[in-house]
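*Asks:* Task: produce atomic coordinates for the following.
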Amino acid sequence: MYTLIIEGTLKADKKEEFKTAWGKEILPTLKKQAGFVDEMLLFETTNPNRGVGLSFWKRQEDAERYHREVFPRLVESLRHFIEAAPTVRSFNLEAAETFRISAGKAA
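*Replies:* Numbering: from 1, shown residues only. The predicted structure follows:
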């Protein structure tokens, strides 16, 4: 499995609007991509405008295709929410445990 880690900072007071757009635009687009497995969206506790998206893919080729062909269009459509273009790093997933975590639930 392969993971993209996308990091960026939202403009002040845009977090809730971004989360709405994430649910209506980003996540549905991801779900249509070949090889997409899952996505997590996290925000820092000390800087709630700083976020990280973790997307999980079956194959490196699937993630790279998304990053090359689809991701730039999504960033452009959400430009009014973000301070600057997000950074993207890629990783091989080498160990995992499934927790079935959902937003707002305590561990």
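*Asks:* In contact with Glu17, which residues?
*Replies:* Phe81 (Cβ atoms under 8 Å, 6 or more residues apart in numbering). Every C-beta, even on glycine, is put in place using the N, C-alpha and C of the backbone.
*Asks:* So it versus Phe81, what's the distance?
*Replies:* 6 Å (Cβ to Cβ, to the nearest Å).
*Asks:* Return the per-residue confidence for the nearest residue to Trp57 once chain neighbours are set aside.
*Replies:* With Cβ to Cβ, 6 or more residues apart in numbering as the criterion, Trp57 has its nearest non-adjacent residue at 4.0 Å, and that residue is Ala63. Per-residue pLDDT puts Ala63 at 96.
*Asks:* Could you tell me which ranges of this structure sit under the pLDDT cut-off?
*Replies:* Within the chain, the segments meeting pLDDT under 70 span 99-107.
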